[in-house]
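> Pasted the sequence and its predicted model underneath.
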Amino acid sequence: MEEEKYGFVHDNEVEEVILRFEKMRQNNESCYFDVVEFEAIIDYYLEGNNPLNAFEATSFACELHPQSVPIQIRKARVLLEKGRASEALTIASKLESIEPGNYDIYVCKGTALAMLGNISAAKKVFNKALASDSEDQETILYSITSVLQNLNYHDQMIPYLHMLAELEPDLAAHIYDLAYAYEKRGDYRNSIKYYTRYLDEEPYSDSAWYNLGIIYNKTGDYHRALEAYDYALAINPENTFALFNKANILSNLERYGEAMEVYREFVEEEPESLEGLTYLAECYDRTDNEEMARKYYYEAIELTPDFPDPWYGLGLLSLTRDKAAEAVPSLRKAVQLDPNNPDYWFTLGKAYLMLGSYKKSIKCLRETLRIDGYYDEAWIEIGMIVIMTGSHSAAIRLLEKAKQINRDLPGLYFILASAYLQANNQNSALKVLTEASRLDRDLFDDYSALLPGELMTPGMKRLFRKKSNRK
């Protein structure tokens, strides 16, 4: 015989109680329900994710049965559902002294503590719950792991999942949960281990293959990642997430022809995916098919004109083909839609530089560096403009001010050293260049084009030789 639900033997008894309570609410009547009936009503609403009705039922139950521990426990649960953890903790703490062996009370108290961020105290209380009842360990562990998972305490959940797996070794779901928890923890080795164990028992789980593909991708094992996504797709061809991720890996591996096939398949399934259309356009761009690249960029723009990526893609498409004037309107649109993207500003600055619009280029590059001060390519471009325009004095004033604000940006020091060299101020150049080498010696090669050898002193050249000798 199945265990009784809500204290009743038959489900139809529960239904009858719920109907009576609903009728009372609807007609604004006054009816009597005993404790067991109220337990059934409140649990029904909690399990049905209806905290509002559960709260109403609990309030009524507390009026009729104010000293009932089961009702008070459910009141605490309802408060937890409403996010009122402090109030629930107060109730649970009082009940703990009344029924110290009731694991439901400990689970409520532990949940409240976890919600309040006191996870160490919550674990102690959860362990009390387990110690209080040796015959219902599985139920207690299910409650604890559900709470910890919902609150994203994946690391703390792992020991309890191991206990569950030992108590119920035939349930593969516990192995899946362990794999997922280890993944969230960032322990990819153990995550792979448990996903693999799970797939040994459930080889047709496309979600497990998909998750395994994600982890292999994170660990850089792209061959196994692609293999895992292929298994997921063989089991469930409609798993568009697996399609998308597979295409991304192929594109990142510069296998653009294969990537395009998978992106096309993805776009057929998800025709309104802006990312799918944009990435497909990028693949066509990388394979020098400008016509098809433009086609898919424009499709993405037509779908959502406020999505900046295809605008940026169009601008980059033109810029890489030496069509700077054509690139500028698209890049300006991208910047307008996402003004905090340093790549957009940098590329627009490059376009203006190619057109000889130095002031506009400098403005864009400075905006790039405002967003990301370590954007070394932007510093290099500014240095090139300084050299081309001969505006060394203005550059020195600007960069000295910037140095006072950002003292740890190596790119700034290299450009400033270049400006001092161009202004024939070797002493200041050496001082600044020495500071640049202290911050990041490995950037010498990137900036060497801005530091002409004929202008450098022996001391500066020794800084370069020291770097080359370490290679």
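That came through fine.
> Give the residue spans of the stretch 1-150 of the chain that score low on pLDDT.
For the stretch 1-150 of the chain, the stretches with pLDDT under 70 are 1-12.
> What separation is there between Phe266 and Glu290?
Phe266 is 22 Å from Glu290, where distance means C-beta to C-beta, to the nearest Å. Backbone N, C-alpha and C define where each C-beta goes, glycine included.
> Mind checking which of those two has more residues around it?
The neighbour count for Phe266 versus Glu290, taken as other C-beta atoms under 10 Å, is higher for Phe266 (25 against 14).
> Could you check how far Ala334 is from Thr347?
Counting by C-beta to C-beta, the gap from Ala334 to Thr347 is 8 Å.
> repeat for Tyr153
Following C-beta to C-beta, the distance that separates Tyr153 from Thr347 is 42 Å.
> These two: which is more packed in?
Thr347 (23 against 18).
> Could you find the closest non-adjacent residue to the more buried one?
Excluding its sequence neighbours, the residue lying closest to Thr347 (C-beta to C-beta, 6 or more residues apart in numbering) is Leu331, at 5.7 Å.
> which other helices and strands contact the host helix or strand of that neighbour?
Following DSSP states H and E, one finds Leu331 within helix 324-337. On a contact count with 3 or more C-beta pairs under 8 Å, 6 or more residues apart in numbering; DSSP states H and E, helix 324-337 meets helix 308-319, helix 342-354.
> Mean confidence (pLDDT) on the one helix or strand Ala436 maps to, please.
Per DSSP H and E: Ala436 is located in helix 426-439. Averaged over helix 426-439, pLDDT sits at 86.
> Which helix or strand lies directly C-terminal to that helix?
Helix 426-439 is succeeded, C-terminally, by helix 444-447 (DSSP H and E).
> So what touches that following helix?
376, 379-380, 383, 411, 414-415, 418, 437, 463-464, 467 (C-beta atoms under 8 Å, 6 or more residues apart in numbering).
> Stretch 345-355 now?
312, 315-316, 319, 322, 324-325, 327-328, 331-332, 334-335, 358, 360-365, 367-368, 371, 375, 377-378, 381, 384-385.
> got it, and stretch 257-265?
So stretch 257-265 is contacted by 243, 246-248, 250-251, 276, 279-280, 283-284, 287 (C-beta under 8 Å, 6+ apart).
> Any of these buried? List them.
In the contacts of stretch 257-265, burial by neighbour count holds for 243, 246-248, 250-251, 276, 279-280, 283-284, counting by 16 or more other C-beta atoms under 10 Å.
> for Cys144, what are its contacts?
Cys isn't right for residue 144; it's Ile. 107, 110, 126, 129-130, 157, 160.
> So for the chain, the centremost residue is which one?
Lys184 (10.9 Å; C-alpha atoms, centre = their mean).
> element containing that residue?
Assigned by DSSP H and E, Lys184 falls in helix 172-185.
> residues in contact with that helix?
With contact meaning C-beta under 8 Å, 6+ apart, helix 172-185 is reached by 145, 149, 152, 154-155, 157-158, 161-162, 164-165, 168, 188, 190-195, 197-198, 201-202, 205, 208, 211, 214-215.
> run the last query once more with 6 Å
Contact with helix 172-185 is made by 154-155, 157-158, 161, 164-165, 190-191, 194-195, 197-198, 201-202, 215, as judged by C-beta atoms under 6 Å, 6 or more residues apart in numbering.
> moving C-terminal of it, what's the next helix or strand?
As the chain continues past helix 172-185, the following element, by DSSP H and E, is helix 188-201.
> next one: the following helix or strand past that next one to chain centre, how far?
Next helix or strand after helix 188-201 toward the C-terminus (DSSP H and E): helix 206-218. Centre-to-centre, helix 206-218 and its host chain are 16 Å apart (C-alpha atoms, centre = their mean, to the nearest Å).
> Check which helices and strands the helix or strand just after helix 206-218 sits against.
Downstream of helix 206-218, the first helix or strand assigned by DSSP H and E is helix 222-235. Where contact means 3 or more C-beta pairs under 6 Å, 6 or more residues apart in numbering; DSSP states H and E, helix 222-235 is packed against helix 206-218, helix 240-252.
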